[in-house]
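A.B. asks: kindly generate the corresponding structure for this input.
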Amino acid sequence: MASKAGTAVSPATARIVLLALAAGQFLMALDSSVMNVSIATVAEDVGTTVTGIQGAITAYTLVMAMFMILGGKVGALIGRRRAFMIGCVIYGCGSLTTALAPNLAVLLLGWAFLEGIGAALILPAIVALVASNFAAERRPAAYGLVAAAGAVAIAVGPLIGGVATTYFSWRWVFAGEVVMVLGILLLAARIADAPVSERPRIDIVGAVLSALGLGVFVYGVLRSDEWGWFRPKPDAPSWLGVTLVVWLMLAGLLLIWLFLRWEARMVERRREPLVDPAMLRNRQLTGGLTMFFFQYLVQMGVFFVVPLYLSVALGLSALKTGARILPLSVTLLAAAVLIPRLFPDVSPRRVVRLGTLALLAGAVILMAALDADAGAEVVTVPLLLIGLGMGALASQLGSVTVSAVPEAQSSEVGGVQNAVTNLGASIGTALAGSIMIAALSTSFLTSVEQNPAVPAEVKNQAAVELQSGVPFLSDAQLKSALGDAGTSTKVTQAALDANADARIDGLRAALAILAFSALLAMFFTSRIPTTQPRSTEP
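C.D. replies: Sure thing, here's the model as predicted:
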């Protein structure tokens, strides 16, 4: 039975509820980007390597992906608001542990494990709590603002991390998260929880299969940059001549298939499944989930490519890089909030299609504008378009997925939805990164090979040493490395010229695959409904 909380609360209470839920979404997304500009500083402070810190960031994503579906079911078992608040407490403990971490082991415990578990409880609960606190006609605006908060967190994360690391300490970021969690818990007292009519049992076998399947698949995707997508890179693990990435992804898909078969068997036995397989035959729900996948794939790919261009290719500081990305946040918030308010009866399918076209146009324009002589200003218009597209999708998709099923299943939908967005985000980042490095390597080695100023022995040495991929380096980094190697002035200049052109080729290739993904997404928009959901309450 639908909750009437969304129609009974006052506007002031509704604003407080929305603030609490949007702040929770903001906090969960912040950890995905806030430390990307401070990895070296964090590594030095806790006595580890850059690889160790990158592993902690990867592990956070991995833990979230593994336990997201289970987190949605826990919300249905103990109550969505209680799951939200318990998740906040666990997340806050993780942030405090991270802020005080003396070494990598404690950092992993706080950042990757505790914060990941907290996020797996919080994110599905947010989806369900929006449904239980807002009437159907108000949900597009509410979901849009909540989703926009998460995207804005990813956009401003590097700026926050850069300010904290430059003027204070990276630890203050996580200390600030603890304070923010306390504020969210105070606001959460005003959230109305949908009544739990029955106490479902947790499907332990299903929980294990889903966690293993999602975890193994995502882990394979996350290691693709280091190991290679198909052909193993030098010294990378392989089996039968194929990189382990392929085998891990296949094993993950097999486990997910076994999970779905097990869930179908649970339904046949009239027992409580972790996820009802019938939901995945719902055309509207699968359409919304598919668009969520593509949105996050393109979104995280853009957030990977643009900062690299600004910070490495152009050499901007973390603060200036963050400032250049802010225009995206402006149009994102504007679209997410204003579309439902100004056009409450607009066709969701039309908005989603226009939003996807905006993503496509932004990626194509940015790809065309990138040039070795271009400045930071070339990203402004494309980012405005991409933000507009992201905001348009955010304003509709949450309501589309939740309205596709009875409200009692909103927690399950939240778990599946966030699992899908995690998959999209992981694949988007990995795909953009691997395509960029492949194009960069090919372009760099071709330029060196065709340059008569480079001796033949240097060409041969470069071909051998860089066969696993050319690193994405700034001119200053490359010049320093060549200076340490005692390279001649002619060879150094040739390498710098080749690197400058290759960087642009790599970035363009990454944007091309993101534009192709946005175009591919257009074929799935037909599953999005043409009418807005309406409340059935009297």
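
A.B. asks: where exactly do the helices run in the stretch 151-300 of the chain?
C.D. replies: For the stretch 151-300 of the chain, helices defined by DSSP state H, counting those that start in this stretch occupy the ranges 171-188, 204-222, 224-227, 244-268, 283-308.

A.B. asks: correct me if wrong: Thr401 contacts Phe292.
C.D. replies: Yes. Using Cβ atoms under 8 Å, Thr401 is in contact with Phe292, at 7.3 Å. Every residue, glycine included, has its C-beta placed from N, CA and C.

A.B. asks: isn't Leu289 up against Asn418?
C.D. replies: No. If you go by Cβ under 8 Å, Leu289 and Asn418 don't touch, sitting 10.4 Å apart.

A.B. asks: hang on, Met180 packs against Ala23?
C.D. replies: Yes. Between Met180 and Ala23 there is a contact under Cβ under 8 Å: 6.6 Å.

A.B. asks: ok, Ser224 - contacts?
C.D. replies: Residues near Ser224 by Cβ atoms under 8 Å, 6 or more residues apart in numbering: Thr243, Val245, Ala430, Ser434.

A.B. asks: check what pLDDT it gets.
C.D. replies: At Ser224, the model reports a pLDDT of 80.

A.B. asks: before we move on, what about the one 4 residues further on?
C.D. replies: According to the prediction, Gly228 has pLDDT 79.

A.B. asks: which one is it nearest to, not counting chain neighbours?
C.D. replies: Leaving aside its sequence neighbours, Gly228 sits nearest to Thr243 (Cβ to Cβ, 6 or more residues apart in numbering; 4.6 Å).

A.B. asks: who touches that neighbour in this structure?
C.D. replies: Thr243 makes contact with Ser224, Trp227, Gly228, Trp229, Phe230, Arg231, Pro232, Lys233, Ala236, Pro237, according to Cβ under 8 Å, 6+ apart.

A.B. asks: that one pairs with what?
C.D. replies: Ser238 (DSSP bridges).

A.B. asks: please begin residue numbering at 15 from this point
C.D. replies: I'll keep to 15 as the first residue from here, and by that count the last item is Thr257.

A.B. asks: helix/strand/coil for Met49?
C.D. replies: coil (DSSP: H, G, I helix; E, B strand; the rest coil).

A.B. asks: just give me the neighbour total for the nearest residue to it once chain neighbours are set aside.
C.D. replies: Closest residue to Met49 apart from its sequence neighbours, by Cβ to Cβ, 6+ apart: Gly175 at 5.4 Å. Using other Cβ atoms under 10 Å, Gly175 has 24 other residues around it.

A.B. asks: any idea how far Gly175 is from Ser540?
C.D. replies: 40 Å (Cβ to Cβ, to the nearest Å).

A.B. asks: so where's the stretch 315-464 of the chain uncertain?
C.D. replies: 422, 462, 464 (pLDDT under 70).

A.B. asks: the helices in it, which residues?
C.D. replies: 332-356, 362-383, 394-416, 424-464.

A.B. asks: re earlier: in the contacts of Ser238, which residue is surrounded by the most others?
C.D. replies: Using other Cβ under 10 Å as the neighbour test, the contacts of Ser238 are led by Val259, with 26 neighbours.

A.B. asks: contacting residues around it?
C.D. replies: Gly234, Val235, Arg237, Ser238, Trp241, Gly242, Trp243, Phe244.

A.B. asks: repeat the analysis, applying 10 Å as the threshold.
C.D. replies: Residues near Val259 by Cβ atoms under 10 Å, 6 or more residues apart in numbering: 233-244, 246, 250-252, 444, 448.

A.B. asks: buried ones in the helix or strand hosting Pro154?
C.D. replies: Element membership for Pro154 (DSSP states H and E) is helix 153-181. Within helix 153-181, the residues that count as buried by 16 or more other Cβ atoms under 10 Å are 153-179.

A.B. asks: which residues touch Asp290?
C.D. replies: Going by Cβ under 10 Å, 6+ apart, the list of residues near Asp290 reads Glu277, Ala278, Met280, Val281, Asn296, Val419, Gln423, Glu426.

A.B. asks: closest to Ser46 among those residues?
C.D. replies: Glu426 (23.9 Å; Cβ to Cβ).

A.B. asks: run through the residues that contact that closest one.
C.D. replies: Counting by Cβ under 10 Å, 6+ apart, Glu426 touches 83, 86-87, 89-90, 138, 141-142, 214, 287-290, 293, 419.

A.B. asks: follow-up on the earlier one: list only buried entries from the contacts of Thr257.
C.D. replies: Buried among those by 16+ other Cβ under 10 Å: Ser238, Trp241, Gly242, Trp243, Pro246, Lys247.

A.B. asks: farthest pair in those?
C.D. replies: Ser238 and Pro246 (11.1 Å).

A.B. asks: what sits in contact with each of those two?
C.D. replies: Taking Cβ under 10 Å, 6+ apart as the contact rule, Ser238 and Pro246 both touch Thr257, Leu258, Val259, Val260.

A.B. asks: from these, which is closest to Gly132?
C.D. replies: Nearest to Gly132 among those, with distances taken as Cβ to Cβ, is Val259, at 28.7 Å.

A.B. asks: of the contacts of Thr257, closest to Thr27?
C.D. replies: Among the contacts of Thr257, and counting by Cβ to Cβ, the member closest to Thr27 is Ser238, at 46.1 Å.

A.B. asks: how near is that closest one to Ala139?
C.D. replies: Ser238 is 31 Å from Ala139, where distance means Cβ to Cβ.

A.B. asks: now swap in Ala452 and tell me
C.D. replies: From Ala452 over to Ala139 (counting by Cβ to Cβ), the distance is 40 Å.

A.B. asks: among the two, which residue is more densely surrounded?
C.D. replies: The neighbour count for Ala452 versus Ala139, taken as other Cβ under 10 Å, is higher for Ala139 (34 against 17).

A.B. asks: is that one in contact with Val427, as I believe?
C.D. replies: No. Using Cβ atoms under 10 Å, Ala139 makes no contact with Val427, being 11.7 Å away.
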